[in-house]
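Enquirer: Sequence below, structure please.
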Amino acid sequence: MFQVRLSLLLAAWCSVVPAQLTAQSDQIAAGIQAFDAHDFVAARLHFGAALRHDPTSYEANWRLALVLIDIAKQTPDRLRSPARDSLYRDAEYYARRAVAAKPDGPDGHLALANAIGRSTLSMTARERVRRGTEVRAEALRTLELDPRNDGAWHILGRWNAEVQRLPPAERFFARTFLGGSSFGRASWDEAERDLRLAVEYAPNKIVHRFDLAEILYWRQDWLAAKLQLDILATLPIVDVSDTSYKRQSRDLLVKVLAKLQK
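Expert: Now for the predicted structure:
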């Protein structure tokens with residue numbers, strides 16, 4: 001009798017587990033479809049449902065982190081927004097769960113680099129330096145796992161550019177007193193190289209060409225900046241932020257043309 005009961009229990013368990021896996025897989029697939037359609041509310045619900053089936057799911061965690069980032073970044077950085085900042089913190093939480101679930105997964109490290117960078121907006125200078133160092137480390141780890149990852153090259157390029165834009169005194173203070181030793185390795189050459197690699201690996205991404213054009217503008221390479229902006233103008237809008245980047249690129253082009261006419 002005991003053997004019969006045990007067999008029945010095992011059979012019931014074996015039927016439940018595949019059903020749970022199928023439900024989780026269906027939720028992830030639906031989340032991806034919603035994300036691609038820019039329906040971030042639906043994508044958030046689907047990935048959240050997948051995580052209720054399995055909180056350790058690598059794919060559901062990193063994908064949910066990206067959804068939350070895309071929702072949050074629709075509120076401009078210049079505005080004070082506790083709701084936006086909370087979304088970035090949640091994104092970091094899920095990205096860290098993804099990295100814990102699969103330490104050798106590049107998507108998790110890339111999501112974490114994005115989330116950390118975005119979540120520093122309202123932090124102190126010391127925290128921004130510490131977390132900026134972690135952003136760089138996560139981007140580098142992504143590239144160890146996936147050398148052609150355009151998102152990681154973009155993050156590194158932005159990191160180099162943002163450090164270079166700091167006033168020299170602030171950069172020295174951060175490097176010397178706040179533990180930002182990696183800040184000493186930042187350069188405009190690295191910023192341009194990294195963004196050119198991002199463009200090479202994903203030439204149709206508007207954000208790559210815009211940030212490269214900005215770096216070239218800062219480097220006073222007006223013709224090269226104009227080339228990137230001209231190409232950008234021909235690219236289709238795909239990402240939720242592309243419309244904003246198109247508008248910013250037109251403003252930057254006006255400044256570039258003014259420099260070329262001098």
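Enquirer: going forward, measure contacts and count neighbours with C-alpha atoms only.
Expert: OK.
Enquirer: which ones are touching the residue nearest to residue 145 when sequence neighbours are not counted?
Expert: Of all residues beyond its chain neighbours, the one nearest residue 145 is residue 106 (5.7 Å), with distances taken as C-alpha to C-alpha, 6 or more residues apart in numbering. By C-alpha atoms under 8 Å, 6 or more residues apart in numbering, residue 106 lies in contact with 141-143, 145-146.
Enquirer: Let's see which of those residues end up in helices.
Expert: 141-143, 145 (DSSP state H).
Enquirer: farthest pair in those residues?
Expert: 141 and 145 (6.5 Å; C-alpha to C-alpha).
Enquirer: Show me the contact partners of the one helix or strand residue 152 maps to.
Expert: Using DSSP states H and E, residue 152 falls within helix 150-165. Here helix 150-165 makes contact (C-alpha under 8 Å, 6+ apart) with 110, 113-114, 132, 136, 139-140, 142-143, 171, 183, 186-188, 190-195, 197-199, 201-202, 208, 211, 215.
Enquirer: go with 7 Å
Expert: Identification of contacts with helix 150-165 by C-alpha atoms under 7 Å, 6 or more residues apart in numbering yields 110, 136, 139, 142-143, 183, 186-188, 190-192, 194-195, 197-198, 201-202, 208, 215.
Enquirer: Turn the buried ones among these into a named ChimeraX selection, would you?
Expert: Entered in ChimeraX, the line below selects the buried ones among these, by 16 or more other C-alpha atoms under 10 Å:
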select :110,136,139,142,143,183,186,187,188,190,191,192,194,195,197,198,201,202,208,215
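Enquirer: Name the residues of stretch 48-65 that are buried.
Expert: 48-51, 53, 55-65.
Enquirer: Just the ones in helices from these, please.
Expert: Cross-referencing those against helices under DSSP H gives 48-51, 53, 58-65.
Enquirer: Of those residues, which pair is most distant in space?
Expert: 53 and 65 (17.1 Å).
Enquirer: ok, residue 88 - contacts?
Expert: Taking C-alpha under 7 Å, 6+ apart as the test, what residue 88 contacts is 68-69, 72, 115, 118-119.
Enquirer: what about 10 Å?
Expert: By C-alpha atoms under 10 Å, 6 or more residues apart in numbering, the contact set of residue 88 is 65-66, 68-73, 82, 114-121.
Enquirer: Is it possible to mark the buried ones in those?
Expert: Among these, those buried by neighbour count (16+ other C-alpha under 10 Å) are 65-66, 68-73, 114-120.
Enquirer: picking up where we left off before, looking at the ones in helices among the buried residues of stretch 48-65, spot the one nearest residue 255.
Expert: Closest to residue 255, out of all of these and judged by C-alpha to C-alpha, is residue 65, at 35.7 Å.
Enquirer: Can you check the pLDDT for the residue lying closest to the closest one once chain neighbours are set aside?
Expert: Spatial nearest neighbour of residue 65, excluding adjacent residues (C-alpha to C-alpha, 6+ apart): residue 91 at 4.1 Å. Residue 91 is assigned 97 on the pLDDT scale.
Enquirer: now swap in the one 10 residues further on and tell me
Expert: Looking at residue 101, its pLDDT stands at 97.
Enquirer: got a pLDDT number for residue 14?
Expert: For residue 14, the predicted pLDDT is 49.
Enquirer: er, residue 168 I mean
Expert: 72.
Enquirer: and if you look at the one 4 residues further on?
Expert: Among the per-residue scores, residue 172 holds a pLDDT of 59.
Enquirer: One more: residue 9?
Expert: Value for residue 9, per-residue pLDDT: 47.
Enquirer: repeat for residue 125
Expert: Reported pLDDT for residue 125: 60.
Enquirer: cool, and residue 24?
Expert: In this model, residue 24 carries a pLDDT of 78.
Enquirer: And residue 88, how close does it get to residue 156?
Expert: Counting by C-alpha to C-alpha, to the nearest Å, the gap from residue 88 to residue 156 is 19 Å.
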